[in-house]
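*Asks:* Sharing a model that was predicted from the sequence below.
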Amino acid sequence: MDTDASSSSSSSSSNSLIVDNSESIDMRVSSSSSSTYGTKSAKQSRGVRVLLVDYDTIALHVILAMLKKFGYEAVGTTGGLHGLKLLREKPYYFDLVVAAVQMPGMSGLELLQRIKLEFTSLPVVLISNDTDPVMAAKGFSNGAGHLLRKPVTFYDVENMWLHVQKSKMDETVNKNRYKEQTGSAGQDSLRRKEKHRSVSGSPSGDDDGSKRVESRKRKGSCKDQSSDDKKNRSNTNKKRRVVWTAQLHTHFLNAIECLGVDSAVPKKILEYMKVPGLTRENVASHLQVLLPTYLVEESMTVKTSLDIIS
DNA sequence: CAGGCAATAT
DNA sequence: TATATTGCCT
């Protein structure tokens, strides 16, 4: 797994270094008292997936190490473009992007802008060498969630997950209306196109901006802090139909791949995906529809290998 | 209660 | 058609 990401054959080879801890997903099933982690209070940072982009390899490694120390799942690269590529390859995967401002080629600001275009609600934290207020203003006006100054401290890293939470807040809860009619026969219905936020994302380059107004559903990480976000769904809010876009589906497949076909049950897949609003039933339904296809593909693979053997 | 699965509904 | 829901069994 994950090998797909490293298959980047960019022109300049010196520019794409990936350091990833394929620690796989924490499989704590929470069935029993998980004493696996000596920590008494589960760190909020644990499991948060961070993409770090910094051309400065020293800083890259240092910050990566710090991230891992605090329990993040971190992937690092030295190239902004490569960072974008990683984001596209693993849609919905990352919870947070941390990027250096000063970089040759694509600067952190540029990267920030492109991320905001493509992955609208993915939080971005910038790291800068100086404290140029103009730059800071630019960063914030472009959607940066925070601006850190080098050198990045343990404190900074420890609290990075907060930015994920913060961006979560903004997205509020999905307020989609869905037709609710209690079994009455009047079903002709005038269903209007819901163009509000739905669970979907748009593939990298297919939207011209006016086509559809969609926003991405991202985030989710630690599961205990849903204290008050669960409340506000008492409005005119009915169930929302999940739209299995290519990206969401890819993420779904990634989840199965990472978990392994055998342990890919709805619950675990859901935990892996961390897509807010997505329910176990959604995953189960999707799984039921897609399993046949998936198995067929696999059997083909098996067949091929058998063929090779014989 | 969670899963897998098939039928049925929207 | 795509996704959801329900029922039935394990």
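*Replies:* Sure, I can see it.
*Asks:* Identify each buried residue in stretch A:119-126, please.
*Replies:* Counting neighbours by 16 or more other C-beta atoms under 10 Å, one finds that the buried residues in stretch A:119-126 are A:119, A:121, A:122, A:123, A:124, A:125, A:126. Glycine gets a C-beta too; all of them are placed from N, C-alpha and C.
*Asks:* near DNA strand C, which residues of chain A?
*Replies:* A:239, A:241, A:242, A:243, A:244, A:281, A:282, A:284, A:285, A:286, A:288, A:289 (C-beta under 7 Å from any atom of the strand).
*Asks:* any low-confidence regions in the stretch 101-250 of chain A?
*Replies:* A:169-239 (pLDDT under 70).
*Asks:* Just the ones of the residues of chain A next to DNA strand C in helices?
*Replies:* A:281, A:282, A:284, A:285, A:286, A:288, A:289 (DSSP state H).
*Asks:* and which of the residues you listed is nearest DNA strand B?
*Replies:* residue A:288 (5.3 Å; C-beta to the nearest atom of the strand).
*Asks:* Could you look up the SS state of residue A:250?
*Replies:* helix (DSSP: H, G, I helix; E, B strand; the rest coil).
*Asks:* Number of residues surrounding whichever residue of the stretch 201-310 of chain A sits closest to DNA strand B?
*Replies:* Closest approach between the stretch 201-310 of chain A and DNA strand B, counting by C-beta to the nearest atom of the strand: residue A:267, at 2.7 Å. Other residues lying near residue A:267 total 12 when counted by other C-beta atoms under 10 Å.
*Asks:* Just send the buried residues of stretch A:119-126 back as TSV, with distance to residue A:254 and secondary structure too.
*Replies:* Output for the buried residues of stretch A:119-126, formatted as TSV (distance: C-beta to C-beta, whole Å; DSSP: H, G, I helix; E, B strand; the rest coil):
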residue	distance to residue A:254	secondary structure
A:119	16	coil
A:121	19	coil
A:122	16	coil
A:123	20	coil
A:124	22	strand
A:125	24	strand
A:126	27	strand
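*Asks:* which of these sit farthest apart?
*Replies:* For the buried residues of stretch A:119-126, the maximum inter-member distance is 16.8 Å, found between A:121 and A:126 (C-beta to C-beta).
*Asks:* about what we covered before: which one of the ones in helices among the residues of chain A next to DNA strand C is nearest to residue A:90?
*Replies:* Nearest member of these to residue A:90, counting by C-beta to C-beta, is residue A:286, at 18.2 Å.
*Asks:* do you know how far the nearest residue to that closest one once chain neighbours are set aside is from residue A:294?
*Replies:* Spatial nearest neighbour of residue A:286, chain neighbours left out: residue A:244 (6.1 Å); criterion: C-beta to C-beta, 6 or more residues apart in numbering. Noted for residue A:244: a distance of 14 Å to residue A:294, by C-beta to C-beta, to the nearest Å.
*Asks:* try residue A:256
*Replies:* Distance, residue A:256 to residue A:294, by C-beta to C-beta: 7 Å.
*Asks:* Looking at those two, which one has more neighbours?
*Replies:* Here residue A:256 and residue A:294 are compared on neighbour count by other C-beta under 10 Å; more neighbours surround residue A:256, at 19 against 14.
*Asks:* give the contact list for the more buried one.
*Replies:* Listed by C-beta atoms under 8 Å, 6 or more residues apart in numbering, the contact partners of residue A:256 are A:264, A:269, A:294.
*Asks:* So which bits of chain A are right by DNA strand B?
*Replies:* Going by C-beta under 7 Å from any atom of the strand, the residues of chain A near DNA strand B are A:179, A:183, A:265, A:266, A:267, A:268, A:280, A:284, A:287, A:288, A:291.
*Asks:* at 6 Å instead, please
*Replies:* A:183, A:265, A:266, A:267, A:280, A:288, A:291 (C-beta under 6 Å from any atom of the strand).
*Asks:* Out of those residues, which sit inside helices?
*Replies:* Applying DSSP H to those, the entries found in helices are A:266, A:267, A:280, A:288, A:291.
*Asks:* By neighbours, which of those wins?
*Replies:* Busiest of these [other C-beta under 10 Å] is residue A:266, holding 17 neighbours.
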